[in-house]
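# the amino acid sequence is not available; the structure is as follows:
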């Protein structure tokens with residue numbers, strides 16, 4: 001087996017018909033995607049709100065603790081004996097969800113069809129908030145209060161999974177949103 005050297009000036013050779021077709025398809029596809037991405041962002045109804053504020057972690061912690069104390073309706077105990085506060089705020093209220101190693105606080109109990117302003121932040125490291133079984137993903141970033149306007153549409157228990165590696169017990173970082181009629 002011998003290796004044939006690449007001839008000098010190979011890039012000057014004319015393209016074959018098939019190569020021209022695939023290059024044209026690639027260029028058209030790139031143009032379509034370039035137009036579609038901003039159009040989907042501007043006209044799409046799937047976009048989350050663009051409301052966010054800088055906040056000190058301790059201040060967000062204080063807001064979340066005050067919110068929990070005001071609307072606490074019970075406590076849920078996990079299999080390993082850990083206690084989680086359950087809050088049920090009135091519709092239209094600002095609600096606070098805090099990510100911290102390795103939990104989401106508190107458990108939210110919301111009503112179907114009612115709007116809420118969800119304040120999301122982290123008090124230690126970056127966390128990814130993924131709501132299952134629906135496909136929603138947001139970042140909980142320390143020092144940022146990200147505000148989402150949400151209206152639950154189906155009575156169900158939704159699990160919040162951290163999808164951003166946050167440390168040794170990352171796989172156990174699960175929270176809940178309970179939506180009731």
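Looks like it arrived, so ask away. Just so it is clear, the model here is predicted, and its values are computed rather than measured.
# ok, which stretches of this structure are strands?
Listed in chain order, the strands of the chain (DSSP state E) span 51-54, 72-77, 83-87, 94-100, 103-105, 107-111, 116-122, 127-132, 136-140, 144-150, 156-162, 174-180.
# and of those strands, who's closest to residue 31?
strand 136-140 (28.0 Å; Cβ to Cβ). All C-beta spots, glycine's among them, are computed from the backbone N, C-alpha and C.
# beta partners of the residue nearest the centre of the chain?
With distances taken as Cα atoms, centre = their mean, residue 138 lies nearest the centre of the chain, 1.6 Å away. For residue 138, the beta-bridge partners are residue 129 (DSSP bridges).
# now the longest helix along the chain: buried residues?
Scanning the chain for the longest helix, with DSSP state H as the assignment, gives helix 17-43. For helix 17-43, the buried set under the neighbour-count rule, 16 or more other Cβ atoms under 10 Å, is empty.
# tell me which strands and helices it is in contact with?
Using 3 or more Cβ pairs under 8 Å, 6 or more residues apart in numbering; DSSP states H and E, no helix or strand is in contact with helix 17-43.
# next one: that helix to chain centre, how far?
28 Å (Cα atoms, centre = their mean, to the nearest Å).
# how's the chain carved up into domains?
16-43, 51-180 (automatic domain parsing).
# could you pull up the mean pLDDT of the first one?
What that stands for is domain 16-43. The pLDDT scores in domain 16-43 average 92.
# also the last one?
Averaged across domain 51-180, the pLDDT comes to 92.
# gap between the two ends of it?
27 Å (Cα to Cα, to the nearest Å).
# one more: stretch 152-168?
End residues of stretch 152-168 are separated by 32 Å (Cα to Cα).
# then stretch 38-53?
End-to-end distance (Cα to Cα), stretch 38-53: 24 Å.
# just send the strands of the chain back as TSV, with distance to residue 168 too.
Putting those into TSV (distance: least, Cβ to Cβ, whole Å) gives the following:
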stretch	distance to residue 168
strand 51-54	29
strand 72-77	23
strand 83-87	20
strand 94-100	14
strand 103-105	14
strand 107-111	23
strand 116-122	17
strand 127-132	14
strand 136-140	18
strand 144-150	24
strand 156-162	13
strand 174-180	15
